[in-house]
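K.L.:
Give me a model of this one.
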Amino acid sequence: MSVDVITSAGLLNDMCVDMLDAVGQGVDDNMLGMIAKSPEAFNHTLAAAAQTVAADAARPVASVILSVVIMLRMAQIGLKADGDQRTALRMVAMAMVQSAIIIVFAQHAADILSALSSIGDWMMGRIRHAVPTGSAGRALGLGTRLKDEIGRAGTIDQAGMLVVLLPAWLVSRLATVVVTVVVYLRFIQIYLLTALAPIPFALLGEEHTRQWGIDYIRQFSAVVVQSVVLYLSLVFYRVLAVQSVDPNSYHAGDSLGSWIVSNYGGLLLASVLLITVVVTSNAAARKVLGA
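P.N.:
Residues are numbered from 1 along each chain as shown. Below you'll find the model as predicted:
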């Protein structure tokens, strides 16, 4: 047997093993760990940049907005008081207290959002403690568990397995990309919302713009809740993915190709289910927020 034939057979064997592992793996511990990271732990440089932008760019703009808001409030008080000094004094005092609170909020807006984000990080930590993910991950790795049987299948059978597994493998790769993109977008949203946080917080001081600031805080809270729900959904998914294909159903002497064909629906289901879980988690997060 030539070296080329031996190399080709080994390559086919490794590709079959890797494809089965990828199809059955779904989301590994590294991905779950990435979701559970805080914004600072995920990318310290971007987190620091968001804080710098909030302090050096957004905060001065917020100060100007607050100045205009306070002037408008004073003008409104003058019209409402209509010469009544006692009423005017009481309204001015209330307005100044409210303005002082808004100023503090705007000055520390980025810190307030970081505190909201840390609540989500704490919840994911508690979920990880309550529902360990390691036991689900040990049942995966179909290709590794069937490596010896794949090696004995022969070059022609292995080539046929590659053709059969290719669609399921492509769907599994697409599912992994979808999850990765969603995770990265989550952190990008947090960095962007943190960088501009002082401006919408300053808008809380004016009656006509107050809803803008409330919606901003609600949007940031939605991102945090979506992360928690996505993490919990993926933990549940890993348990279901293990049940979709049972490698113990293969017995020595069985046709490996026939086993793959008979379990093909489960192999494909694991990948399709992963994409569906991401979509469902976003819908569930909106329900949690009352949207």
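K.L.:
use CA for all of it now, contacts and neighbours both
P.N.:
Noted.
K.L.:
what's the spacing between stretch 194-210 and its chain's center?
P.N.:
Here stretch 194-210 is found 26 Å from its chain centre; the criterion is Cα atoms, centre = their mean, to the nearest Å.
K.L.:
Span of that stretch from start to end?
P.N.:
18 Å (Cα to Cα, to the nearest Å).
K.L.:
again with stretch 236-255
P.N.:
Its start and end residues considered, stretch 236-255 measures 32 Å (Cα to Cα).
K.L.:
so where's this structure uncertain?
P.N.:
1-10, 24-26, 81-84, 132-142, 241-254, 289-291 (pLDDT under 70).
K.L.:
Nearest the middle, which residue of it would you pick?
P.N.:
Nearest residue to the geometric centre of the chain (Cα atoms, centre = their mean): Val183, 3.7 Å.
K.L.:
tell me which element that residue falls in.
P.N.:
Here Val183, judged by DSSP states H and E, is contained in helix 155-195.
K.L.:
Can you give the distance from that helix to the centre of its chain?
P.N.:
14 Å.
K.L.:
Can you name every helix or strand that it contacts?
P.N.:
helix 3-25, helix 29-35, helix 39-42, helix 44-53, helix 109-130, helix 210-244, helix 256-262, helix 264-288 (3 or more Cα pairs under 8 Å, 6 or more residues apart in numbering; DSSP states H and E).
K.L.:
Which one of those helices lies nearest to Leu79?
P.N.:
Taking Cα to Cα, helix 210-244 is the member of the helices and strands packed on helix 155-195 nearest to Leu79, at 21.0 Å.
K.L.:
hang on, the earlier thing: which helices and strands sit right next to the helix or strand following the helix holding Val183?
P.N.:
Using DSSP H and E, the next helix or strand after helix 155-195 towards the C-terminus is helix 198-202. Contacts defined by 3+ Cα pairs under 8 Å, 6+ apart place helix 198-202 against helix 59-81, helix 85-107, helix 109-130, helix 210-244.
K.L.:
picking that back up, and the helices and strands packed on helix 155-195: which comes nearest Val177?
P.N.:
helix 264-288 (9.6 Å).
K.L.:
Give me the buried positions along that closest one.
P.N.:
264, 266-275, 277-278, 281-282, 284-285 (16 or more other Cα atoms under 10 Å).
K.L.:
Stretch 52-67 too?
P.N.:
Buried residues in stretch 52-67 (16+ other Cα under 10 Å): Thr52, Val53, Ala54, Ala55, Ala58, Arg59, Val61, Ala62, Ser63, Ile65, Leu66.
K.L.:
Give me the distance between the fifth one and Leu116.
P.N.:
Applying Cα to Cα, the value for Ala58 to Leu116 is 19 Å.
K.L.:
And for Thr280?
P.N.:
Distance from Thr280 to Leu116, by Cα to Cα: 23 Å.
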